[in-house]
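J.: just coords:
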């Protein structure tokens, strides 16, 4: 998205009369990207739907805290990725008290027909990615799928470029090994 | 990795993105109808308690503090968190406080030591 468009949305949101219109425009522009970045992490549509809505609601409530130090897109992605990681972390904590293993649930979700559009290599690749730790999985998606620069990823995750490069390198290595062993 | 394809996107249900902006906007806007229902429910509750006290004057009533009473209504699911918020003078401030308490937890996720990225 162009910087001028972001500025236009921000100006609309900052004005109390046009706030609602500006905010709707923000959702229309970013909803698909936000949904997909979350969906790749949580896999299940219903979870992705909840987290996407939470992302935009939090963005609305905290828009006055956005000072323009990063782009609107980066800020929104930061909320979205935090939502997804918090959700997965909570699911893992709850597993200690429950028989519901969320990791297994996500793995079996990939096997269900109709959930994944693609051939066998897609399924193998998705399963290999799912074996990665959550944060490494996120780094992999942001780089490989979204093709973001390390600088953008650093702004989203608040992590150094060096750590992100190393994380991506390790993720790729693990995925390659996992695919070879299939 | 160069030989591997890009991941295909998961498919969202048909029409999902057409409805999503309205769903989000509805969650943000205060629901006037629900507000009136909440007030009506509160009046009905006060009225019922009044009637109960009139018809049971001899029984000793166990006195609860205001906090205990509110907790009782929430625990018994008579009031939701939204109901309680709507009865306060500064619901937005309380809501912001709750969200602010949640956000450091999110930030901590990124603030953990970097070796876990490897």
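T.: Thanks, I have the structure now. Note that the coordinates shown come from a computational prediction; the quantities given were computed from them, not determined experimentally.

J.: all contacts plus neighbour counts: C-alpha atoms, from now on.
T.: OK.

J.: Near chain B, which residues of chain A? Just list them.
T.: A:24, A:27-28, A:31-32, A:36, A:39-40, A:43, A:45, A:53, A:56-57, A:61, A:82-83, A:85-86, A:115-118, A:122, A:125-126, A:135-136, A:144-145, A:157-159, A:163-164, A:166-167, A:170, A:172, A:176 (CA under 8 Å from any CA of the partner chain).

J.: Sort out which of these are buried, if you could.
T.: A:24, A:27, A:31-32, A:36, A:39-40, A:43, A:45, A:53, A:56-57, A:82-83, A:85-86, A:115-116, A:122, A:125-126, A:135-136, A:145, A:157, A:159, A:163-164, A:167, A:170, A:172, A:176 (16 or more other CA atoms under 10 Å in any protein chain shown).

J.: what does the model give residue A:77 for pLDDT?
T.: The model reports residue A:77 with a pLDDT of 92.

J.: That one: how many residues sit nearby?
T.: 22 (other CA atoms under 10 Å in any protein chain shown).

J.: so it sits right up against residue A:35, yeah?
T.: No. Between residue A:77 and residue A:35 no contact is recorded; they are 10.1 Å apart, counting by CA atoms under 8 Å.

J.: in chain B, which ranges drop under the pLDDT threshold?
T.: B:1-3, B:30-36, B:57-62, B:81-82, B:85, B:92, B:95-96, B:98-118 (pLDDT under 70).

J.: Show me the strands in it, by range?
T.: Applying DSSP state E to chain B gives no strands.

J.: Name the single longest helix found in it.
T.: If you go by DSSP state H, chain B has its longest helix at helix B:32-55.

J.: in that helix, what's buried?
T.: Buried residues in helix B:32-55 (16+ other CA under 10 Å): B:38, B:42.

J.: Kindly report the same for stretch B:8-21.
T.: Under 16+ other CA under 10 Å, the buried positions of stretch B:8-21 are B:10, B:12, B:20, B:21.

J.: before we move on, back to that, so which of the residues of chain A next to chain B sit within helices?
T.: Using DSSP H, the residues of chain A next to chain B in helices are A:24, A:27-28, A:31-32, A:36, A:39-40, A:45, A:53, A:56-57, A:61, A:82-83, A:85-86, A:122, A:125-126, A:135-136, A:157, A:163-164, A:166-167, A:170, A:172, A:176.

J.: In chain A, what residue lies closest to chain B?
T.: residue A:167 (5.0 Å; CA to the nearest CA).

J.: my guess is that residue contacts residue A:139, does it?
T.: Yes. In this structure, residue A:167 is within contact of residue A:139 by CA under 8 Å, at 7.0 Å.

J.: Which residue is the nearest non-sequential neighbour of residue A:21?
T.: residue A:12 (7.1 Å; CA to CA, 6 or more residues apart in numbering or on different chains).
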